[in-house]
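Participant: Test case, fold it:
(chains A and B)
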2 protein chains.
Amino acid sequence: MRKGSLIVVSGPSGAGKGTICSAFLEREKNIAYSVSATTRAPRAGEVDGKNYYFVTREQFESMKEHDELLEWAEVYGNYYGTPIKKIQEKIAAGQDILLEIDTQGAMNVKRRFPNGVFVFILPPSLDELQRRIRGRGTEDEKTIEKRLGASVGEIKMASDYHYVIINDEVETAVEKLMAIVTAEHCCASRNQELIDEIAGE
Amino acid sequence: MRKGSLIVVSGPSGAGKGTICSAFLEREKNIAYSVSATTRAPRAGEVDGKNYYFVTREQFESMKEHDELLEWAEVYGNYYGTPIKKIQEKIAAGQDILLEIDTQGAMNVKRRFPNGVFVFILPPSLDELQRRIRGRGTEDEKTIEKRLGASVGEIKMASDYHYVIINDEVETAVEKLMAIVTAEHCCASRNQELIDEIAGE
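Facilitator: Residues are numbered from 1 along each chain as shown, chains lettered A, B, ... in the order given. Next up is the predicted model:
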């Protein structure tokens, strides 16, 4: 049986990775979402256990100590991390998993899961990125400036990913992500057993 | 500007690569078809300059001598070859090109175009492959047995390709090929200029 793929979607704040991932999961019912743990406060509409596991700093520190996290990072004073055990179980059972994560976390995941599918969501331009972050209205000016300053460096990291998708139109971006997952399922390296079977071995 | 991709579709006789490629080109009007030259006789319905350039052995020998072929092979006593110049020009101009070719030719192309996208069409099973080749009714029994004997060895070569597609249903197979081309357009390695541009460099 073919193992599942870990699909890692990342990009700078404001590129729209959250919107794309939500729309993607709506369309691809067979793909499970990897829920991260975080110490940051929930935003309006966010649900514990669905968007994130919202945990205290003490709880997070305990997970770190017991090596229960695939990766973790401290971003703007908050912890974010990915519980490792469920991912491993699901991939072994042939389940594809989507992991939406910031760029710092994605590169940590790549070291542990080099066979993952790493996708970077690009904004159409830096100007557009700035408009989106300001438009969201959830961060104060200081945080916004911090994020924008980090974005250029993050965008340069796109070369370390397998795929890049420009998010100028959400529906098009989602279709590209769906195509990437379909193509990955066709990778010869992921289908060696099948090739042997058809060759009668 | 992003360069075009050379999409190489191959597989054993009877796997259905011709049917898939025709349906694919119907759907993807932006992709050009690389027409091969051959010395074999046209089959019913095949058009010179569209399906193949049908040439004499003398003409083919001359193309070989003048290094005008990307690759060439002698299969079951007939020559097949790919005129190189048009492919290079189109790729440089950003045009994607589909090249349907036998497995021997595909590996020769891979040495010259390692950045091509190599797709192997698999039959659902060896039994089904046999049914299809016999059903075609265009070859005599001796040729059919020759082809079937070669098929197992060819299928094992699928591991040398980037992608494999099982042709159990033509429409599904075509959609997978379309997804592969879309995914390849998103490859980070093919979009370095774009990444630099968005990062403001």
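Participant: pLDDT of stretch A:47-63, averaged?
Facilitator: Average pLDDT, stretch A:47-63: 92.
Participant: What is the neighbour count of A:Thr172?
Facilitator: 12 (other CB atoms under 10 Å in any protein chain shown). C-beta: built from backbone N, CA, C; applies to glycine.
Participant: same question, A:Thr39
Facilitator: 19.
Participant: What separation is there between it and chain B?
Facilitator: 30 Å (CB to the nearest CB, to the nearest Å).
Participant: What ranges does chain A have for its strands?
Facilitator: A:6-10, A:32-33, A:36-38, A:52-54, A:69-75, A:78-83, A:97-100, A:117-122, A:163-166 (DSSP state E).
Participant: To B:Gly200, which of those lies closest?
Facilitator: strand A:117-122 (12.4 Å; CB to CB).
Participant: The closest one packs against which elements?
Facilitator: strand A:6-10, helix A:103-112, strand A:163-166, helix A:170-185, helix B:192-198 (3 or more CB pairs under 8 Å, 6 or more residues apart in numbering or on different chains; DSSP states H and E).
Participant: Quick check: bridge partners of A:Gly81?
Facilitator: Partner residues in beta bridges with A:Gly81, using DSSP bridges, are A:Ala37, A:Trp72.
Participant: hang on, it packs against A:Ala37?
Facilitator: Yes. A:Gly81 lies in contact with A:Ala37 (CB atoms under 8 Å); the separation is 5.0 Å.
Participant: Between the two, point out the one with more neighbours.
Facilitator: Set side by side, A:Gly81 and A:Ala37 show more neighbours around A:Gly81, with 24 against 19, by other CB under 10 Å.
Participant: between A:Gly81 and A:Ala37, what contacts are shared?
Facilitator: Common contact partners of A:Gly81 and A:Ala37 (CB atoms under 8 Å, 6 or more residues apart in numbering or on different chains): A:Phe60, A:Met63, A:Leu69.
Participant: will you turn the residues you listed into TSV that also has neighbour count and distance to chain B?
Facilitator: Listed next are the shared contacts of A:Gly81 and A:Ala37 as TSV, based on neighbours: other CB atoms under 10 Å in any protein chain shown; distance: CB to the nearest CB, whole Å:
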residue	neighbour count	distance to chain B
A:Phe60	21	32
A:Met63	18	32
A:Leu69	22	26
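Participant: Quick one: those as TSV, columns for distance to B:Leu99 too.
Facilitator: As requested, the shared contacts of A:Gly81 and A:Ala37 are arranged in TSV below (distance: CB to CB, whole Å):
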residue	distance to B:Leu99
A:Phe60	53
A:Met63	51
A:Leu69	46
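Participant: Run through chain A and note the low-pLDDT ranges.
Facilitator: Scanning chain A for pLDDT under 70 picks out A:1.
Participant: is stretch A:9-21 up against chain B anywhere?
Facilitator: No. For stretch A:9-21, no contact with chain B is found by CB under 8 Å from any CB of the partner chain; the gap never falls below 10.0 Å.
Participant: how about that stretch as PDB, C-alpha atoms only?
Facilitator: What follows is stretch A:9-21, C-alpha atoms only, in PDB (Å, rounded to 0.1, in the frame of the first residue of the first chain):
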ATOM      1  CA  VAL A   9       2.000  24.600   3.100                       C
ATOM      2  CA  SER A  10       3.800  27.700   4.200                       C
ATOM      3  CA  GLY A  11       4.500  31.300   3.200                       C
ATOM      4  CA  PRO A  12       4.800  34.700   4.800                       C
ATOM      5  CA  SER A  13       2.000  36.200   6.900                       C
ATOM      6  CA  GLY A  14      -0.700  37.600   4.600                       C
ATOM      7  CA  ALA A  15       0.100  35.500   1.600                       C
ATOM      8  CA  GLY A  16      -3.200  33.700   2.300                       C
ATOM      9  CA  LYS A  17      -2.100  30.200   3.200                       C
ATOM     10  CA  GLY A  18      -4.900  29.800   5.700                       C
ATOM     11  CA  THR A  19      -7.600  30.700   3.200                       C
ATOM     12  CA  ILE A  20      -6.100  28.400   0.600                       C
ATOM     13  CA  CYS A  21      -5.800  25.500   3.000                       C
END
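Participant: Centre of the chain to that stretch, how far?
Facilitator: Relative to the mean C-alpha coordinate of its chain, stretch A:9-21 is positioned 8 Å out (CA atoms, centre = their mean, to the nearest Å).
Participant: Next: stretch A:22-34.
Facilitator: With CA atoms, centre = their mean as the basis, the mean position of stretch A:22-34 lies at 12 Å from the chain mean.
Participant: can you check stretch A:110-122 too?
Facilitator: Once both centres are worked out by CA atoms, centre = their mean, stretch A:110-122 turns out to sit 8 Å from its chain's centre.
Participant: Around chain B, which positions in chain A sit nearby?
Facilitator: Residues of chain A lying near chain B by CB under 8 Å from any CB: A:119-120, A:122-126, A:152, A:155-156, A:158-166, A:175-176, A:178-180, A:182-184, A:186-189, A:191-192, A:194-195, A:198-200.
Participant: so what's the spatially most central residue of chain A up against?
Facilitator: Taking CA atoms, centre = their mean, the centroid of chain A lies closest to A:Glu100, which sits 2.0 Å from it. Residues near A:Glu100 by CB under 8 Å, 6+ apart: A:Val9, A:Ser10, A:Lys17, A:Gly18, A:Cys21, A:Tyr33, A:Ser34, A:Ser36.
Participant: same thing with A:Ser36?
Facilitator: A:Tyr52, A:Tyr53, A:Tyr80, A:Gly81, A:Thr82, A:Pro83, A:Leu99, A:Glu100, A:Ile101.
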